[in-house]
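Chemist: below: sequence and its predicted model.
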Amino acid sequence: MSTYVQAIESQQQANEKAKQSTVLSPRFYTTDFNAMDRISVEAFRSEWDVMMREYEGDNNHDHFQRDEKFGPEAEAAMANLSPEMRQEFIDFLVGSLTSEFSGCILYNEIRKHVDNPDIKQLMTFMARDESRHAGFINQSLRDFNLGIDLGDLKRTKKYTFFKPKYIYYATYLSEKIGYARYITIFRQLEKHPEKRFHPIFRWFERWCNDEFRHGESFALIMRSNPSLLRGLNVWWIRFFLLAVYATMYVRDHTRPMLHEAMGLDSTAYDFQVFRVTNEITKQVFPVALDIENPAFKAGLDRLFEISQANDRAKEQGGLMGKLTQAVCGIKAVAAFTSLFFMPVLKQNISPEVRLAPTW
Ligand SMILES: [Fe+2]
Ligand SMILES: [Fe+2]
């Protein structure tokens, strides 16, 4: 089994990786703050207030601190990792940190630019959580002498503008899929503690409850504004579902050893995450992707193959390399389009919006 991740050997390379702006790398977002100011959550006021009290209670305020066992455990872990495995794990940490920090920046910017008290309060709490998450991962990267300069990242990484509704669809999904990813790993390592090759995984259970709650917040915002979930917007929901699922699938398949070390296989892991996420989205989305249709997996595998061919062409360089990359781009759009037009599953939105993280 070979690894496909780009090598990160120095702090400079780690920082460059975090700044990278490709189709697959986690992005930083900005949005229309005035439009966000006008959003109302009155339709679900009582649910909203209960959720705000949960944030205020801050049950994870003492969670993101490393205990005394962490140091020796992390050191032993690092000594045991093969060079390829080490690369995949670092790739995982840098990618996760960039996503966590992306949330932190977006929520903080919204907080600063809106007057709407509900949105301001929510963004304050979520930025607090994401900043803890990003900082906690960065501590583990520092153990490898690969700490990311978050201030510099914030100043220099490219920002993508998303209309508020795209922020709701995309962020809702990344929070819920983030929950599903962390809890699936946590449950697996709970069953197989001998496969827990790094102590950071011990933190995932309480951590993912934060992500779950962040997703709940966006679910309440969308349910309070039901036009976001009807008509042409359903096509946008389909688009974001596919973009988020496909990106995760391709990215995870570049790190086969990481999952194997946990006793998981990238495909089985991703499909478990899809199943959990599909189940959760019944709280808000009227459609779900038909993940059990064999054509769905075939399409994702095709996207992964194209992405691999594209990476090889990039390495090859020169005119041929450039041409091959262009062809890969066209093939990827075609593969994505045929996945996009696959029939979806209609689902009845559950009457209750709030869900408990019971996976
Ligand atoms: Fe987070
Ligand atoms: Fe989050």
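Modeler: That came through fine. Residues are numbered from 1 along each chain as shown. Ligands and ions are numbered 1, 2, ... in the order given.
Chemist: ok, the helix or strand encompassing Val50 near ligand 2 or not?
Modeler: Val50 belongs to helix 45-57 when assigned by DSSP states H and E. No - if you take Cβ under 5 Å from the ion as the test, helix 45-57 misses ligand 2, and the best it gets is 11.9 Å. The way it works is simple: take the backbone N, C-alpha and C, and place the C-beta from them, glycine included.
Chemist: quick check, pLDDT for the residue in the stretch 51-200 of the chain that ligand 1 sits nearest to.
Modeler: Going by Cβ to the ion, ligand 1 is nearest to His133 of the stretch 51-200 of the chain, at 3.7 Å. Per-residue confidence (pLDDT) for His133: 97.
Chemist: and if you look at Glu75?
Modeler: For Glu75, pLDDT reads 84.
Chemist: can you name the residues that contact it?
Modeler: Applying Cβ atoms under 8 Å, 6 or more residues apart in numbering to Glu75 gives the contacts Asp143.
Chemist: name the helix or strand for the closest residue to the residue of the stretch 51-200 of the chain closest to ligand 1 other than its chain neighbours, please.
Modeler: Spatially, and ignoring its direct neighbours in sequence, His133 is nearest to Glu100 (4.2 Å; Cβ to Cβ, 6 or more residues apart in numbering). In this assignment (DSSP H and E), Glu100 forms part of helix 83-113.
Chemist: tell me what that helix is packed against?
Modeler: When contacts are defined as 3 or more Cβ pairs under 8 Å, 6 or more residues apart in numbering; DSSP states H and E, helix 83-113 packs onto helix 11-19, strand 28-30, helix 33-37, helix 117-143, helix 150-156, helix 164-191, helix 256-261.
Chemist: okay, these, which one's buried deepest?
Modeler: Mean neighbour count (mean count of other Cβ atoms under 10 Å) peaks for helix 164-191 among the helices and strands packed on helix 83-113, with a mean of 22.
Chemist: okay, the angle between that helix and helix 117-143?
Modeler: Computed by axes from the mean of the first three to the mean of the last three Cα atoms, to 10 degrees, the angle separating helix 164-191 from helix 117-143 equals 50 degrees.
Chemist: which other helices and strands contact helix 164-191?
Modeler: Applying 3+ Cβ pairs under 8 Å, 6+ apart, one finds that helix 164-191 makes contact with helix 33-37, helix 83-113, helix 204-224, helix 233-253, helix 266-280.
Chemist: most tightly surrounded among these?
Modeler: Neighbour counts (mean count of other Cβ under 10 Å) averaged over each of these peak at helix 204-224, with a mean of 23.
Chemist: spit out the contact partners of whichever residue of the stretch 151-300 of the chain sits closest to ligand 1.
Modeler: Going by Cβ to the ion, ligand 1 is nearest to Glu211 of the stretch 151-300 of the chain, at 5.2 Å. Going by Cβ under 8 Å, 6+ apart, Glu211 touches Glu175, Lys176, Gly178, Tyr179, Tyr182.
Chemist: just give the nearest non-adjacent residue to Arg132, would you?
Modeler: Phe64 (4.4 Å).
Chemist: for Glu42, same thing?
Modeler: Ser224 (6.9 Å).
Chemist: how about the contacts made by Asp152?
Modeler: Applying Cβ under 8 Å, 6+ apart, one finds that Asp152 lies in contact with Asn15.
Chemist: over to Asp67?
Modeler: Shown in contact with Asp67 (Cβ under 8 Å, 6+ apart): no residues.
Chemist: doesn't it lie inside a strand?
Modeler: No - Asp67: not assigned to a strand; according to DSSP: H, G, I helix; E, B strand; the rest coil it is coil.
Chemist: what are the phi and psi values at it?
Modeler: The phi/psi pair for Asp67 (degrees, to the nearest 10) reads phi -90, psi 180.
Chemist: tell me the pLDDT at it?
Modeler: 90.
Chemist: so how far is Lys195 from it?
Modeler: 20 Å (Cβ to Cβ, to the nearest Å).
Chemist: all helices for the stretch 251-359 of the chain, in order.
Modeler: Taking DSSP state H, counting those that start in this stretch to define them, one finds helices in the stretch 251-359 of the chain at 256-261, 266-280, 294-316, 318-340.
Chemist: for those, which has the smallest mean pLDDT value?
Modeler: Per-stretch mean pLDDT for the helices of the stretch 251-359 of the chain is lowest at helix 256-261 (a mean of 93).
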